[in-house]
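Asks: the amino acid sequence is not available; the structure is as follows:
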């Protein structure tokens, strides 16, 4: 279990440090910033790397909503899920802390954020709370459906990490302008903790909405409605009968 928890901590640290870091550290010079697609790719590629780096150890959930979906789908016990949550929150917090410490060394100082999610006036596309809530629920549902499907029986598990990471890239391309994209309560917690203010006040949505989406996906898989068809057995007929 300690191996699994350490893997989840490192994986979530990596996702926040590289994903949010691309939106913070790599955009301090507007001429060299990665842009929306670059930030989207940073999150997705970080996930792909961790999927192959720690997937064999912990399954590479690195997301409380994914662990909740897996538990409700019957793929992990509740007590293990709760331990995963703790490791994921710690990893995300350490990832955001690393960004903060690096940005404090910027010549002339730094007064910006740390990749926190949000909505409303002054935040990116200035979408309202309902738009943010709907996007996060729907996007997380789709994300966890892909994860549970790609890692289920009959799936091509060898390339599961690639499919999951590409899905996260597309989700970011669609949603960065809406909420900055959470689909992961841990990813939202760390940056909001150090950003404070509005980011911390709005954190509840990014803790709640992904959990609703992840839970819906888990329950859907628990029903068996998305199970792969059982291969039919070939019946041999005796021609002499």
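Replies: On my side now, so go ahead. Please read these numbers as outputs of a predicted model, since none were measured by experiment.
Asks: and the strand or helix carrying residue 89, how far out from the chain's middle?
Replies: Counting by DSSP states H and E, the element that carries residue 89 is helix 78-103. The chain centroid and the centroid of helix 78-103 are separated by 12 Å, computed with Cα atoms, centre = their mean, to the nearest Å.
Asks: check the secondary structure at residue 18 for me.
Replies: Classification of residue 18 using DSSP: H, G, I helix; E, B strand; the rest coil returns helix.
Asks: for the closest residue to it other than its chain neighbours, grab phi and psi.
Replies: Closest residue to residue 18 apart from its sequence neighbours, by Cβ to Cβ, 6 or more residues apart in numbering: residue 46 at 4.1 Å. Quick note: C-beta positions are derived from backbone N, CA and C, even for glycine. Residue 46 adopts backbone torsions of phi -60, psi -40, taken as degrees, to the nearest 10.
Asks: against residue 209, how distant is residue 46?
Replies: Relative to residue 209, residue 46 is positioned 22 Å away (Cβ to Cβ, to the nearest Å).
Asks: these two: who's more crowded?
Replies: residue 209 (27 against 23; other Cβ atoms under 10 Å).
Asks: phi and psi next, for the more buried one.
Replies: Torsion angles, degrees, to the nearest 10, at residue 209: phi -60, psi -50.
Asks: which pLDDT value goes with it?
Replies: On the pLDDT scale, residue 209 is placed at 98.
Asks: cool, residue 99 as well?
Replies: The model's pLDDT for residue 99 equals 96.
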